[in-house]
Every structure is written in C-alpha cells, then in structure tokens.
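> A structural model of the following input is requested.
(chains A and B)
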Amino acid sequence: MSWKAVSNPILSIAKAFAVLLLVIWSLGPIYWAFATSVTPSNEIISKSLRLWPAHATLEHYAKLLGAASTAHGNEVQSVWPQFRAAMINSIVTSGLATIVTVAIAAFGAYAFVRLRFPGRNILFALVVATMAIPAYTVMIPLYRLMISLNLIDTYLGITLIYVSAFLPLALWLMRTVYEAMPLSLEEAAWLDGAGRLYTLVAIVLPLAAPGLIAAAILTFLNAWGQFIVPLVFSPTLASKSLTVLIPEFATRSNIDYGLMNAAGILAIIPPVALVIFLNRYLVSGLMAGAQK
Amino acid sequence: MASQSGLRTRKPYRRDETILAFAFIVPIIVIMGGLVFGPLVNTVVDSFYRIDPMQPGEPFIGLKNYTRLIADGDVQTSWANSAFYVVLAVVAETLIGLGMALLLNRVRLGRKWLLAIAVLPWCLPPVVNAIVWMWIYHPNYGLLNQVLMSLGVINEAVVWSNDRIGGLVMVTLVHVWRMAPLTAIILLAALQSVPGELYEAAKLDGAGPLRSFQQVTLPLISGGLAIALSQSTVFAFNLFDEAWIMGGASLGTRSVIIQTYLSAFQDLRFSYGMALSLLAMIASLLVSLIYVAKVSRDTRMG
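Just a heads-up that it's a prediction; the model follows:
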C-alpha cells in the first residue's frame, strides 16, 4: 500500500466513487444489453430513458431458441436451426483448439525448460516471436493452403488455425509455470527409478494444473471471440461460428436490436461463466503472460 | 534463467533426452512451421508477384504492388484511420488502464470481485461488444443520447456517426472498452512488485502523492508500461472486428486490416493484399520497438 489514506475520509469517498465508476464502466454496457434483450419490441423504440422494461419479455429468446414465431401477424421462419448449428460450431472449434493447444504446450514447454537439445533457445525464441506477428499477416497464403488441403469450412481447418495462433501464448505461460517449479521433486522421482515421461505425467503435470487451467481459459476465450478467421475460412454453417452468424441477423434495412442483444447475451454466457468461476486462474494467467 | 542453463550446457547433449525433447516439440514445429512460418515466407515472396485469381498467370512484378499501394487513395485513407485508432486507443487505454490498476492496487475489500468485473470486457467476443455499443450509440433509442439528454448535457439527440471523426471515435471507444483491462492487469502486476518500503522512504523524505508516484512508482513500473504500450499498439493496429461490425467496408472507419481483407477477399487481389499486410506488420512492430527502446533507455538513465 502506498501512502496511508485510510484515515482520510475525502480520499475514502473518492475511492468508493472510483470503484463505482469502474463497475458502471465495465458492467453498464452488459447490463444494458441484457435489459434490451428482455424488452418487448414496441418498448425498445421508446425515446425515454428506462433502465428496466415495463413489461419484461422473453420473446427475443423465443425467436432464437423456439420454433416458428409471428411478427406483425406474419409467420416468421425460426432462426433456431442456424443458431444451434453456429453454437455447436463455436463450442466444437473452441473446445478442440483449447484441448490441442494446452496438450501441445504442456509437453512442448516442458521440453523447452527441462530437456536439453540442440536448437532449444532459438526455436523457443522463434515461436514466441510470432506473438508479435498479427495472424492477419499470414491469412492470404493460409487461405490458399487451406483450399489446396480441402480444409476450408471444416472443424479440422479452423482448429489448426486457432492452435497456430494461440499456441505461442500457451507455451510462454507453461514455460513460466515449469520454471517456477523446484527441480528437486523430479530428481527424487528419477532417483526412485521413474522415467522422464512418467515423472512428467504423474508428478509435474498435476502440480502444473493451475497453469494448465490458465492456459486453457486464455485459449478458449481467444478462440470463442475469434471473428476474422471464421469469416474467411467458414463460408457456410458447416463450421460458421456464432460471432459470424450473429451480425448476419442485421439486414441492410433493419436491425432487430432485441434479437441481436439476446443473441449476444447467449454468446457471452461461456466467457462470463469462466470469469465468475475461474477468475483466479484467468488473472494469474494474464499476469504471468504479461511479465517478460 | 537462460544464462544459468547456458553455463551448464557445456556437457554434450544426451541422445535419449534429445529424442524425447523432439518427440515433445514435433507438433510445435509442424504446426508453427506449416501454418505460420511457411505462410509468412510465402507472403514476403508472393508480394513481388501478381497473384490474382481473376487474371491468368502469376508474373514477377518486382515492387509494383508496393508502388501501387503508396499511390492508392483508399489505402492512404485506411493508414490515416489506423493511425487515428492507434494514437487514441493507446493513450486512452494507458490512462484508463493505469487508473484501474492504481485503484485495484489500493482496494482490499472485495478486490477479487472488482478484478473480475474489470477484466470482464476483455473476455467477451469483440463482435458482441460492437453490437452492444452500436445499440448504445443509436441516435434515436440509444442509451448514450438518453442519458446525456436526461442529464441535460445535450438538448436533442446526436447522430454520433455523422462526421468522420465521430465514427472513428465510436469504434475506438469500443476497442478501448475491451482492451483497457489488459493494460490494467499488466500494470497491476508491475505495481504489486513495487516494495512498500520505498513509499515509506519517499514519505519520510516529504514526498507527496504526486511526487512519490513520479519518482517511485513510475520508474519501477516502466517495464510493465512498455509491455502494455506495445500490446495496445499491436492490437490497435490490427483493429478489425469492431470497425467491420460498426462500419463495414465504409471508407470512414476502414482500418488497414479491413483494407487488406477487402483487397484480398473482395477484390481478389491476393498479392496486393499480402504486400499491404506485410507493411502493416512492419509498422506495428516498429512502433512497439520504439516504446521498448525508449522505456528501457529512460529506466537506465533514471
């Protein structure tokens, strides 16, 4: 703590005000999206400020998740089949990318920290340096490559691109985790005759669990929010993600903000759940990732 | 760490250890080599050719892609837009992030939850953020106009996207909302490594809060500041999602990356887009290197 401010009432009030400001800044837009998503369409187009709808409704969620619905007396085709397909695509590609990235990083980073082999430092430096290269730089040749491999619009293609984009950060994170671990535990296991692979799987990985969780969260969040990769590599609902589908709900003439906000709220459930339940790992991961 | 192991690496490599290590890193070599380094080399080489699915042949054209890029008015506009995004986003993220970090560092009660709340915007898909903010900005029914009008700041609804600067600021604000938490976390990590005794010493020397911030805090978090600045710069240079959702292909909010996307995937001029994406990468790397060099020099002198 810096200079002792606790005794100064003006500073305490200023601090409380700052906390309030931070909470409104961070949560205000999310709250507003939620309030809009339960506001009936006729109330949405109201010019007066109302922080909660007079008649809360689930009509927008019903449109997303239900069968056919009616609007102005006309039957409207349900968007549920599209929404469901995109949701499954997002879950599958983000989940696969997370599992593959963390698995490769868990073993790879161990090699970079504990095993000696020629070219170790240069290889690690090269991989980590790609964090500074925006994924967009390589996207055009990647597109041609994916076409020639027949991987456009497939789970495998999207997953591989995500892994190549998010692996450097996971490797970096896992290296700091292994470096902080005492070597003595592994040495004791080796003295007992345990092999290196066995030691890694049975002793090191369980101890590295918090780091693995942090790497998994960061990879999942990055993959879940990705937009330009699916925009280019997922032309159809075979692998199109929620982030690409939701903006398509807006037509040139009309943006249904109730529907869009409801879709947005559903799309942020996984990230919000991660922040609520695994915040400790997320923050420690971000902090470790930031220290160079 | 590197120097420590460097001292020990005088012994010859053990064969079984090397084999195990390569077994562990083969997936890394294959994926990074095939999907990042290969395409990167491709980008550099192909930018000297005319690769254009709509035209026959792929002739070598030297620097023509680059000279055309310099003369292209749309490309110039997109550079100007990106420069605007970078300057405004980096300044805003650093100020807001620093404010958040200083606050979080002093809050003790419920700090874990305040941290979670602060980080939340960074965790959300940028596309969703852009949609939510577009609705907030809505001229007739948006929250921003309604709040400002009920507070009496403005008398009638403002169409925020009416002029070019307005459109750019709107996009930047959404980006800053998402990225400021990252700066805050990086600076908070740096702040927590400042030993408390230094503040006590500064106080004994009669330093007020401002001087103690300038002379104790700032020099000690300068490393974190350099990282935060580089991160903000790289991300602002690569701004795509927010600008694409809010402005689409419109020239007023078009960033360099949107221009690259349009050149490659709508005009189908692949190598033209590759040349532009390379220039964007070089620009963002150069700007971040400047911070790192400047901050590390300032720290040594201070």
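> what sits against residue B:201?
The contact partners of residue B:201, taken as Cβ atoms under 8 Å, 6 or more residues apart in numbering or on different chains, number zero. From N, CA and C alone the C-beta is placed, and that goes for glycine too.
> What strand or helix carries it?
Secondary-structure element containing residue B:201, defined by DSSP states H and E: helix B:196-204.
> Give me the mean pLDDT for stretch B:71-89.
Looking at stretch B:71-89 alone, the average pLDDT works out to 96.
> Outside of it itself, which residues are in contact with it?
Outside of stretch B:71-89, the residues that reach it under the criterion Cβ under 8 Å, 6+ apart are B:69, B:168-169, B:171-172, B:175-176, B:179, B:232-233, B:235-237, B:239, B:243, B:251-259, B:276, B:280, B:287.
> From residue B:181, how far out is residue A:199?
Taking Cβ to Cβ, to the nearest Å as the measure, residue A:199 falls 38 Å from residue B:181.
> typo on my end, residue B:229
If you measure residue B:229 against residue B:181 using Cβ to Cβ, the figure is 15 Å.
> What's the mean pLDDT across whichever strand or helix holds residue B:274?
With elements taken from DSSP H and E, the one containing residue B:274 is helix B:270-301. Averaged across helix B:270-301, pLDDT comes to 83.
> elements contacting that helix?
Taking 3 or more Cβ pairs under 8 Å, 6 or more residues apart in numbering or on different chains; DSSP states H and E as contact, the helices and strands that helix B:270-301 lies on are helix A:139-148, helix B:38-46, helix B:64-71, helix B:73-106, helix B:222-237, helix B:256-261.
> List the buried residues in the helix holding residue B:201.
For helix B:196-204, a neighbour-count test (16 or more other Cβ atoms under 10 Å in any protein chain shown) marks B:199, B:202-203 as buried.
> Distance from that helix to the middle of the chain?
Here helix B:196-204 shows a centroid-to-chain-centroid distance of 35 Å under the convention Cα atoms, centre = their mean, to the nearest Å.
> Now residue A:23: closest residue in space, sequence neighbours ignored.
With sequence-adjacent residues excluded and distances taken as Cβ to Cβ, 6 or more residues apart in numbering or on different chains, residue A:23 is closest to residue B:117, at 5.7 Å.
> wait, the one you found sits on residue A:28?
No: counting by Cβ atoms under 8 Å, residue A:28 is not a contact partner of residue B:117; they are 10.8 Å apart.
> higher neighbour count, the two?
Set side by side, residue B:117 and residue A:28 show more neighbours around residue B:117, with 19 against 14, by other Cβ atoms under 10 Å in any protein chain shown.
> which residues touch the more buried one?
By Cβ under 8 Å, 6+ apart, the contact set of residue B:117 is A:22-23, A:26-27.
> what's the helix or strand for it?
Assessed by DSSP H and E, residue B:117 sits inside helix B:111-123.
> Tell me the buried residues in that helix?
Counting neighbours by 16+ other Cβ under 10 Å, the buried set in helix B:111-123 is B:114-123.
> same deal with stretch B:238-252?
Neighbour-count burial for stretch B:238-252, with 16+ other Cβ under 10 Å as criterion, is recorded at B:238-247, B:252.
> Say whether chain A is contacted by it.
Yes: Stretch B:238-252 is in contact with chain A by Cβ under 8 Å from any Cβ of the partner chain, via B:238, B:240-241, B:244-245.
> gap between the two ends of that stretch?
By Cα to Cα, to the nearest Å, the extent of stretch B:238-252 from end to end equals 16 Å.
> Give me the contact list for that stretch.
Judged by Cβ under 8 Å, 6+ apart, the contacts made with stretch B:238-252 from elsewhere in the structure are A:134, A:136, A:227-228, A:247, B:74, B:77-78, B:81-82, B:85, B:89, B:126-127, B:129-131, B:133-134, B:164, B:167-168, B:170-171, B:174-175, B:178, B:253-255, B:257-258, B:261-262, B:266, B:280, B:284.
> And the average pLDDT for it is what?
On average, stretch B:238-252 scores 94.
> Same question for stretch B:105-112.
88.
> Report the buried residues of that stretch.
Neighbour counts over stretch B:105-112 (16+ other Cβ under 10 Å) mark B:105-107 as buried.
> related to what we said a few turns ago, looking at residue B:229 and residue B:181, which one has more neighbours?
residue B:181 (25 against 22).
> ok, now which ones touch the more buried one?
With contacts taken as Cβ under 8 Å, 6+ apart, residue B:181 has the following neighbours: A:26, B:97, B:100, B:118-122.
> from the residues you listed, which single one is nearest residue B:224?
Nearest to residue B:224, judged by Cβ to Cβ, of the contacts of residue B:181 is residue B:97 at 10.2 Å.
> residues contacting the closest one?
Neighbour list for residue B:97: B:180-184, B:186-187, B:228 [criterion: Cβ under 8 Å, 6+ apart].
> Now go through those residues and say which are in strands.
Within the contacts of residue B:97, membership in strands is found for no residue, as judged by DSSP state E.
> Would you tell me which one of the residues you listed comes nearest to chain A?
Out of the contacts of residue B:97, the one with the shortest distance to chain A is residue B:186. That distance is 4.1 Å, counting by Cβ to the nearest Cβ.
> What residues does that closest one make contact with?
Counting by Cβ under 8 Å, 6+ apart, residue B:186 has contacts A:286-287, A:290, B:97, B:224, B:227-228, B:231.
> can you rerun that using 10 Å?
Residues near residue B:186 by Cβ atoms under 10 Å, 6 or more residues apart in numbering or on different chains: A:286-287, A:289-291, B:97, B:101, B:221, B:223-229, B:231-232.
> do the same with residue A:35
Residues in contact with residue A:35, defined by Cβ under 10 Å, 6+ apart, are A:50-53, A:56, A:261, B:143.
> Going by neighbour count, which of those residues comes out on top?
Most surrounded of the contacts of residue A:35: other Cβ under 10 Å gives residue A:261, at 24 neighbours.
> Now it: which helix or strand?
Residue A:261 belongs to helix A:257-267 when assigned by DSSP H and E.
> what's that helix packed up against?
Helix A:257-267 is packed against helix A:9-37, helix A:41-44, helix A:59-65, helix A:80-114, helix A:242-248, helix B:126-137, with contacts defined by 3 or more Cβ pairs under 10 Å, 6 or more residues apart in numbering or on different chains; DSSP states H and E.
> follow-up on the earlier one: filter the buried residues of stretch B:238-252 down to just the ones in helices.
B:241-247 (DSSP state H).
> And those residues, which is closest to chain A?
The closest of these, once distances to chain A are taken by Cβ to the nearest Cβ, is residue B:241, at 4.5 Å.
> who's in contact with the closest residue to that closest one other than its chain neighbours?
Leaving aside its sequence neighbours, residue B:241 sits nearest to residue B:126 (Cβ to Cβ, 6+ apart; 3.9 Å). The contact partners of residue B:126, by Cβ under 10 Å, 6+ apart, come to A:225-228, A:243, B:174-175, B:177-179, B:239-242, B:244-245.
> Please enumerate the helices of the stretch 101-250 of chain A.
Assignment of helices within the stretch 101-250 of chain A using DSSP state H, counting those that start in this stretch yields the ranges A:120-129, A:139-148, A:155-179, A:183-191, A:196-199, A:205-207, A:209-225, A:228-233, A:242-248.
> for those helices, which one sits closest to residue B:30?
The closest of the helices of the stretch 101-250 of chain A to residue B:30 is helix A:155-179. By Cβ to Cβ, the value is 9.9 Å.
> Filter the contacts of stretch B:238-252 down to just the buried residues.
A:134, A:136, A:227-228, A:247, B:78, B:81-82, B:85, B:89, B:126-127, B:129-131, B:133-134, B:167-168, B:170-171, B:174-175, B:178, B:253-255, B:257-258, B:261-262, B:280, B:284.
> Okay then, goodbye and thanks.
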